[in-house]
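*Asks:* The following block contains a protein sequence and its predicted model.
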Amino acid sequence: MLATQVRSTVSLIEEGATVPFIARYRKETTGTLDEVAIESIRDRLAQLKELASRMDAILASLAERDLLTDELKQQVMSAETLSALEDIYLPYRPKRRTRATIAREKGLEPLASHLWLQGEMDLVAEAASAVDPENGVADIGEALQGARDIMAEWVSEDSAARAQIRSLFWTKGVITAKLSQGKEDEAAKYRDYFDWQEPLSQAPSHRVLAMLRGEKESMLTLHVLPPEEEAVAELEGLFVTDANDCSQQVSLAVHDSYKRLLGPSLETETRNATKARADEVATRVFADNLRQLLLTSPLGQKNLLAIDPGQRTGCKIAVLDSLGKFIESTTIYLLGERQSSEAAHAVLSLCQRHKPQVIAVGNGTGGRETETFLRGLGLGSEVQIVMVSESGASIYSASQSARDEFPDLDLTIRGAVSIGRRLMDPLAELVKIAPQSIGVGQYQHDVDQGLLQTKLTDVVVSCVNGVGVEVNTASRQLLSFVSGLGPSLARSIQEYRDANGGFKSRRDLLKVPRLGPKAFEQAAGFLRIRDGTQPLDASAVHPESYKLVQSMAKAQGCSVSDLMADEDARSRITLNDYVSDTVGLPTLQDIMAELARPGRDPRQEFEPFAFADGVETVQNLEKGMSLPGLVTNVTAFGAFVDVGVHQDGLVHISQLADRFVREPGEIVKVNQRVTVTVLEVDIARNRISLSMKSGPKPQPSNDQSAATK
């Protein structure tokens, strides 16, 4: 990445441009940087702003206390990281009353300074001169102890020493976990960590987060430490410069400093940094999973019945038209012969009246039983029966969004509607649910929630804008993720649409209250208007390029609509003829691709999936079975797969392929269709171990004891 690319991108970000807009419509300015690169620049810019803000605060504090020198100011201004900056500031930071502070109050700093130089002197005489019973220094021993307290603080605040020992923590530190006293019965799920240790540099994120969770729940005691002897030896190499009596006092101060001050301080810092690194990995895994889920193949516009299964309370059925509009609902009961007969009559009656092309069945409790019931009705091949993940549907049904959309419907019917709509268009429906509730993360409640929110929002925004949004049918929630809009303008668009009817052109968006030119510039290219007055409004061609396309059409002697329909006419266009100071080949190539397939959906075509017949519960599983499955979640230690028995099985990372796998994401993605072999079924603990290997299956690794989906 060139400096010019970074500067140009920073300039656009500072002007308020969004990541999708920059990546799609400012390729010439950035040198065709993608969203990942632009997000990294944005995040680094935020870090540098935080660093600059902290520098300003530190400089102000030093100046206020008359401690700021030119040399110190230069050191502060030269710090490249927050940790380096805090190391520089540490000796000058206002402190609570420490042992070193008390020793200084007793007048022992001159003695400490003399000892620190490690010159030849009469140690007893020097220490005796510092004895002052009235000031709290009763004897030579107390004088030397106070001096050592001061020197220990000097050691702990030395930036070079901190940097050296910090490096030792990372290169040779060991993370250890022990069972907390008296927690044997409560901590069963953490039994793998009752007496655990491994090099910090090799500890994977999921184990770190599992141990930290165990500590948070008071089940485990955790430490991160390097070899103490080596740490002290390195400090002595820095500070013990001779072999006399004074040097011995400095050595004692070094030992005390590491054990009491520097070691605990850097352990806390290292633990925090380790947690941050684990958070990054877990968040990245979650973000990758979420992207795959949001970009699941959409069924498209088809009439359907959506069923939220229930055994005791009945199956809630919602009838939806091809646009996802709710028509009617009913409840059927499958328990008992009479109720099953009545349920069959109700479903057949709905099918006769509404002619659904698909029946969507939630995959929760009773889902497979409901699917079996429906397949026995003889509906014919013209009606597809599709199992749909209902993860998060109950969250949506109780949300304010659902209440606003369906104020008169019971929340169970809202859940059925959500199941049906997420089959029609997963992206449009899932954006209504907080990503943390969708169930594709790893330790999502343990990681930094601010980081998680930022990264997951980035994914949602990227997916929404990558697919494009039909402005005349999109929900307010979906519109809110369009580049440049947000919740307020999304609500304004919805209210304007409700009051004035559908938008006829993108230019009509400028009539929406508070939607100004800047927001229009950012949003217009990602909003679609089909069958409007301007054919390009149905494409991802930005309005700023309309005149360019019109000139292309004119040069070919046709209209814009004809140019979009005529491949021969487009093939005669020489793109270099249209290159200018503001428009380059990357943008021109994007325009030509859009003219060929206006508003194309980047998601794959929908293909139905079916679980194995006769395998509906964990009790139906047998060791050695080969089954079709859907990947529901990918974690750092493996992948969870739904084989249709209401309990996902784990394919441990060691069982994903016949070769070594560094990261599960190399092999599997959320919603990927896979074939798995059953390794083990533990009904008592409700666990299923699976394999995707093609050869003989070794015993599975049990590394999921403290893992949650």
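*Replies:* Noted; the coordinates are in hand.
*Asks:* Residues contacting stretch 338-345, please?
*Replies:* Stretch 338-345 is contacted by residues 315, 332, 333, 334, 373, 377 when judged by C-beta atoms under 8 Å, 6 or more residues apart in numbering. For the C-beta atoms, the positions are set from N, CA and C on the backbone; glycine is no exception.
*Asks:* got a winner among those for most neighbours?
*Replies:* The most crowded member of the contacts of stretch 338-345, judged by other C-beta atoms under 10 Å, is residue 315 (27 neighbours).
*Asks:* Quick check: the gap between that residue and residue 576.
*Replies:* In this view, residue 315 and residue 576 are 62 Å apart by C-beta to C-beta, to the nearest Å.
*Asks:* same thing with residue 135?
*Replies:* 87 Å.
*Asks:* okay, those two: which has more neighbours?
*Replies:* residue 135 (12 against 8).
*Asks:* mind checking how far stretch 290-306 is from the chain centre?
*Replies:* Stretch 290-306 sits 22 Å away from the centroid of its parent chain (C-alpha atoms, centre = their mean, to the nearest Å).
*Asks:* okay, now the domains of the protein?
*Replies:* 3-92, 99-287, 304-424, 618-691 (automatic domain parsing).
*Asks:* Make TSV out of the ones you listed and add distance to residue 591 and mean pLDDT.
*Replies:* Converted to TSV, those look like this (distance: least, C-beta to C-beta, whole Å; pLDDT from 0 to 100):
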stretch	distance to residue 591	mean pLDDT
domain 3-92	11	93
domain 99-287	30	93
domain 304-424	30	89
domain 618-691	31	90
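*Asks:* looking at those domains, which is closest to residue 497?
*Replies:* Of all the domains of the chain, it is domain 304-424 that lies closest to residue 497, at 14.3 Å by C-beta to C-beta.
*Asks:* Just the terminal-to-terminal distance for that closest one.
*Replies:* Criterion C-alpha to C-alpha, to the nearest Å; first-to-last residue distance in domain 304-424 is 9 Å.
*Asks:* Name the residues of stretch 122-139 that are buried.
*Replies:* By 16 or more other C-beta atoms under 10 Å, the buried positions in stretch 122-139 come out as 123, 126, 127, 130, 137.
*Asks:* same question but for stretch 351-367, I mixed them up
*Replies:* 351, 354, 356-364, 366-367.
*Asks:* Can you tell me what sits against that stretch?
*Replies:* 299, 302-311, 315, 319, 327, 334, 350, 370-371, 374, 379, 382-390, 393, 415-416, 419-420, 423, 642, 644, 646.
*Asks:* list the contacts for the nearest residue to residue 600 once chain neighbours are set aside?
*Replies:* Nearest residue to residue 600, sequence neighbours excluded (C-beta to C-beta, 6 or more residues apart in numbering): residue 594, at 7.7 Å. Taking C-beta under 8 Å, 6+ apart as the criterion, residue 594 is in contact with 539, 540, 541, 600.
*Asks:* Show me what counts as buried in the host helix or strand of residue 594.
*Replies:* According to DSSP states H and E, residue 594 maps onto helix 585-596. Neighbour-count burial for helix 585-596 flags 587, 588, 590, 591, 592, 594, 595 (criterion: 16+ other C-beta under 10 Å).
*Asks:* thinking again about what came up before, are any of the contacts of stretch 351-367 buried, and if so which?
*Replies:* Buried subset of the contacts of stretch 351-367 (neighbour count, 16+ other C-beta under 10 Å): 299, 302-310, 315, 319, 334, 350, 370-371, 374, 379, 383-390, 393, 415-416, 419-420, 423, 642, 644, 646.
*Asks:* Counting only helices, which of those make the cut?
*Replies:* In helices, judged by DSSP state H, the following of the buried ones among the contacts of stretch 351-367 are found: 350, 370, 371, 374, 393, 415, 416, 419, 420, 423.
*Asks:* contacting residues around the last one?
*Replies:* In this case it means residue 423. 299, 304, 306, 358, 360, 386, 388 are the contacts of residue 423 under C-beta under 8 Å, 6+ apart.
*Asks:* Once you drop chain neighbours, what's closest to the fourth one?
*Replies:* Yep, that's residue 358 we're talking about. residue 304 (4.3 Å).
*Asks:* so what's the one you found up against?
*Replies:* By C-beta under 8 Å, 6+ apart, the contact list for residue 304 reads 319, 320, 356, 357, 358, 359, 360, 420, 423, 424.
*Asks:* which among the residues you listed gets closest to residue 672?
*Replies:* The closest of those to residue 672 turns out to be residue 423 (C-beta to C-beta; 17.6 Å).
*Asks:* Next, the closest residue to that closest one other than its chain neighbours: phi, psi?
*Replies:* Of all residues not flanking residue 423 in the chain, residue 360 sits nearest, at 4.4 Å (C-beta to C-beta, 6+ apart). Torsion angles at residue 360 (phi, psi; degrees, to the nearest 10) stand at phi -100, psi 130.
*Asks:* Distance-wise, check residue 360 relative to residue 319.
*Replies:* As for residue 360, its distance to residue 319 is 11 Å (criterion: C-beta to C-beta).
*Asks:* Name the residues contacting each of these two.
*Replies:* Common neighbours of residue 360 and residue 319 (criterion: C-beta under 8 Å, 6+ apart): 304, 305, 306.
*Asks:* ok, the closest residue to residue 186 other than its chain neighbours - contacts?
*Replies:* Of all residues not flanking residue 186 in the chain, residue 219 sits nearest, at 6.4 Å (C-beta to C-beta, 6+ apart). Taking C-beta under 8 Å, 6+ apart, we find residue 219 in contact with 179, 180, 183, 186, 187, 190.
*Asks:* repeat that for 6 Å
*Replies:* Neighbouring residues of residue 219 by C-beta atoms under 6 Å, 6 or more residues apart in numbering: 180, 183, 187, 190.
*Asks:* quick one: which of those residues is most hemmed in?
*Replies:* residue 190 (23 neighbours).
*Asks:* Confirm that one sits in a helix?
*Replies:* Yes - counting by DSSP: H, G, I helix; E, B strand; the rest coil, residue 190 is located in a helix.
*Asks:* Out of the contacts of residue 594, which end up buried?
*Replies:* The neighbour count (16+ other C-beta under 10 Å) marks 539, 540, 541 as buried among those.
*Asks:* Out of those, which sit inside helices?
*Replies:* Judged by DSSP H, helices contain none of the buried ones among the contacts of residue 594.
*Asks:* Now render those as a markdown table, adding pLDDT and distance to residue 553.
*Replies:* Compiled in a markdown table, the buried ones among the contacts of residue 594 are given as follows (pLDDT from 0 to 100; distance: C-beta to C-beta, whole Å):
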| residue | pLDDT | distance to residue 553 |
| --- | --- | --- |
| 539 | 94 | 14 |
| 540 | 93 | 18 |
| 541 | 94 | 12 |
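*Asks:* Can you classify residue 640 as helix, strand or coil?
*Replies:* Look at residue 640: counting by three-state DSSP, its state is strand.
*Asks:* what's near enough to touch it?
*Replies:* 632, 633, 648, 650, 709.
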